[in-house]
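> for reference, the sequence and a predicted model appear below.
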2 protein chains.
Amino acid sequence: MRDALAGVALNARLSRQLAFCLEADKVKQVFRQNPVTDGSRKENDAEHMWHLALMAVVLSEYSVEPVDLSRVIAMVVVHDLVEIDAGDAFVYDRKAREAAAVLELAAAERIFSILPPDQATWVRDLWDDFEAKATPEARFAGALDRLQPMLMNASADGGGWVEHGIGADRVLATNSVIGHGSPALW
Amino acid sequence: MRDALAGVALNARLSRQLAFCLEADKVKQVFRQNPVTDGSRKENDAEHMWHLALMAVVLSEYSVEPVDLSRVIAMVVVHDLVEIDAGDAFVYDRKAREAAAVLELAAAERIFSILPPDQATWVRDLWDDFEAKATPEARFAGALDRLQPMLMNASADGGGWVEHGIGADRVLATNSVIGHGSPALW
């Protein structure tokens, strides 16, 4: 990826920032289990993260606690970058998710450290917060992260649920965390 | 799109907000002239808008004027929704861009008015501002909107520039507006 920037005289900080933005581009090739709404194909992580950012803008009034919207959006636009290395683990596959957790930690180390150290620390903090759901922003971002694929699957006649034989009881149990960030949306 | 929400008892406001989020999903099928960085396929508008949001988070220090980051991000995640109806007009094709401008106005009317009136007005204001480049936020968002495809094309051995025979002089002339939002990035 850095080849694109070869021969361009950039200071070290900007060079690292652009290299990160180019590395992040790979997430457009990480496909998820849920389809886009017309059911024609699977959605990728870049599309998913854009959709969460849009939903954060439109739906922030439903957060159960007041949130800093710019932090919610920063969180949702980086939260799946680790899947460049770790891949997408289906939310209903517990074994795959446990295996992915180890890979995701290594991915966070590698990918975020492309950034200048101050930004690497800040983005890592955003991602740790999203994973731990320790703040109102993380709980609301987590609610959107579960709500968006539900909307996609429901729009595409069941989508990934039907394909993988996931019943309504498991859909409801797995996604009940939406209520932690937003009872109104749940 | 509203079928997905049929039978769910929602208040009118939330119903309109979710209908807008589902309508917006169609932008994942609007493909642009620039490729993703590995050159394997064209990028779509949802991926492009996500990438701009990520770049806004990482590169906001380079705006020539101080910006409200949450407004920049809100602007970039909605700015290409009008292309659901109007399609993507190649930035180097002036005729196509003039024809698209009329379609985009009608699209803004149709798509943004799916939202509750207060949010429809707010999103329309964001889009008008982005088009007019009337504020520091719009100028910085506009700079990112030109910088991102340059990075994509440069990474993919010229990408859309080579495919359409766009020389370096036209690339530099067309994208010099980046300097209006960020001389440092230009």
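Great, that's in hand.
> tell me the helix or strand right after the helix or strand A:Leu18 falls within.
Following DSSP states H and E, one finds A:Leu18 within helix A:12-24. Sequence-wise, the next helix or strand downstream of helix A:12-24 (DSSP H and E) is strand A:31-35.
> surely A:Glu43 forms part of a helix?
No. With DSSP: H, G, I helix; E, B strand; the rest coil as the criterion, A:Glu43 is strand rather than part of a helix.
> list the contacts of the spatially closest residue to A:Ala138 that is not a sequence neighbour.
The shortest distance from A:Ala138 to any non-neighbouring residue, by CB to CB, 6 or more residues apart in numbering or on different chains, is to A:Asp129 (4.6 Å). C-beta coordinates here come from the backbone N, C-alpha and C atoms, glycine included. Contact partners of A:Asp129, counting by CB atoms under 8 Å, 6 or more residues apart in numbering or on different chains, are A:75, A:135, A:137-138.
> helix/strand/coil for A:Asp129?
Classification of A:Asp129 using three-state DSSP returns helix.
> now it: how far from A:Phe20?
Taking CB to CB, to the nearest Å as the measure, A:Asp129 falls 19 Å from A:Phe20.
> A:Lys42 too?
26 Å.
> can you check A:Ser40 too?
Using CB to CB, A:Ser40 is found at 31 Å from A:Phe20.
> tell me the one of the contacts of A:Asp129 nearest B:Ile178?
Nearest to B:Ile178, judged by CB to CB, of these is A:Met75 at 27.2 Å.
> mind checking how far the residue nearest to A:Ala138 is from chain B?
According to CB to the nearest CB, to the nearest Å, A:Asp129 and chain B sit 15 Å apart.
> how much space separates that residue from A:Arg139?
Relative to A:Arg139, and taking CB to CB, A:Asp129 is found at 10 Å.
> same thing with A:Val91?
As judged by CB to CB, A:Val91 and A:Arg139 stand 17 Å apart.
> neighbour count: these two, which is higher?
Counted by other CB atoms under 10 Å in any protein chain shown, A:Val91 and A:Arg139 do not tie: A:Arg139 has more neighbours, with 23 against 20.
> and the more buried one, what element?
Using DSSP H and E, A:Arg139 falls in helix A:136-155.
> quick check: mean pLDDT of that helix?
Averaging pLDDT along helix A:136-155 yields 89.
> quick check: angle from that helix to strand A:31-35?
Comparing the axes of helix A:136-155 and strand A:31-35 via axes from the mean of the first three to the mean of the last three CA atoms, to 10 degrees yields an angle of 60 degrees.
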